[in-house]
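1. Predicted model, plus sequence, below.
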Amino acid sequence: MKKAIFERWDSNFADYEWRWLFYLERLTDGSFTLSAEQELIKADEGDEPLEVADIPGLREGADIYESFMTMIASNECGIDLDDIDPVADVVAELDPVVGDQFRRGEELLERRASQAQRSDDARIDALVARHQEAIDELTAGLDHTPEQVGGKSLFSPRDRVRRFLECHLRREEKLPSPEQAIDLVLGAGRLADALSPEAPESWIKVPYRRVSVPRGTGGICPFCGNEFRGRPVSPRWNLHCQCGATLDYLGMAWLSDQ
């Protein structure tokens with residue numbers, strides 16, 4: 001059974017008019033196929049309707065909701081939809097349970113993503129726990145005394161390298177070599193020796209090690225060893241570390257001395 005679940009008329013400044021029709025079809029195996037057709041009402045001779053690929057194999061209302069919202073927002077359709085209830089009512093005519101799931105699609109997708117994140121976090125936590133002995137061995141010979149800079153007590157070299165190793169393990173799911181880890185985190189020497197004389201009063205300012213990968217850029221916090229990535233939308237960007245430091249786009253890390 002195939003039903004039209006949504007219709008939208010539109011036009012532009014050139015006085016062209018068209019209509020989008022979105023269909024949901026239930027197949028004999030219980031799955032659903034989402035499709036869309038554009039009908040040209042007023043257009044130039046020779047114009048062809050835009051085509052959108054069907055989405056088959058849908059079974060749960062949340063998946064139909066996600067596919068429908070993606071389809072109407074696509075470059076081909078470009079439709080904004082504020083009220084999902086009328087569409088859900090039509091989906092419910094095909095299957096009441098699926099229609100209810102469709103109506104609660106955003107909530108169900110968020111719940112699914114949250115569950116998947118918790119599962120992945122637990123897997124990564126277990127991975128880090130299995131590598132604690134290796135991390136202990138890699139950092140055993142490093143100074144464990146907290147560094148004093150100005151009036152602030154900061155993480156020790158050993159703690160900073162440990163933090164970096166754990167961050168790297170969580171991101172890459174493998175440990176770097178000891179030489180690489182120590183060079184990346186401690187290669188600039190003592191923090192007190194790297195202080196910038198241009199720092200305003202009550203601020204600690206030191207260079208940080210930048211890191212770059214194909215899909216992001218970021219740095220290693222010189223104060224705690226946390227490695228994190230950002231994806232700047234402009235040349236001027238800042239990254240904020242969980243220890244309270246700010247890593248600016250000029251390659252300097254700032255931390256309040258208070």
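-> Sure thing, it's come through. Numbers count the residues shown, from 1 in each chain.

2. From now on I want contacts and neighbour counts done on CA atoms only, so please keep to that.
-> Will do.

3. Report the buried residues of the helix or strand where Thr70 lies.
-> Secondary structure from DSSP states H and E places Thr70 in helix 61-72. Under the neighbour-count criterion of 16 or more other C-alpha atoms under 10 Å, helix 61-72 has Gly61, Ala62, Asp63, Ile64, Tyr65, Ser67, Phe68, Met69, Met71, Ile72 buried.

4. Kindly provide the distance from the nearest residue in space to the last one that is not next to it in sequence to Ser256.
-> Same thing as Ile72. With sequence-adjacent residues excluded and distances taken as C-alpha to C-alpha, 6 or more residues apart in numbering, Ile72 is closest to Ile79, at 5.2 Å. Ile79 sits 47 Å away from Ser256, going by C-alpha to C-alpha, to the nearest Å.

5. In the sheet, which residues pair with the nearest residue to Leu184 once chain neighbours are set aside? Tell me.
-> Nearest-residue entry for Leu184: Arg209, 6.7 Å, with adjacent residues in sequence omitted and distances by C-alpha to C-alpha, 6+ apart. Going by DSSP bridges, Arg209 is paired in beta bridges with Ile220.

6. any idea how far Val161 is from Arg209?
-> Computed as C-alpha to C-alpha, the Arg209 to Val161 distance reads 13 Å.

7. Check the offset of the helix holding Thr70 from the chain's centre.
-> Helix 61-72 has its C-alpha centroid displaced from the chain centroid by 20 Å (C-alpha atoms, centre = their mean, to the nearest Å).

8. quick revisit: now do the shared contacts for Arg209 and Val161.
-> Val185 (C-alpha atoms under 8 Å, 6 or more residues apart in numbering).

9. So for the two, which residue has more residues nearby?
-> Legend: neighbour count by other C-alpha atoms under 10 Å for Arg209 and Val161, higher for Val161 (27 against 20).
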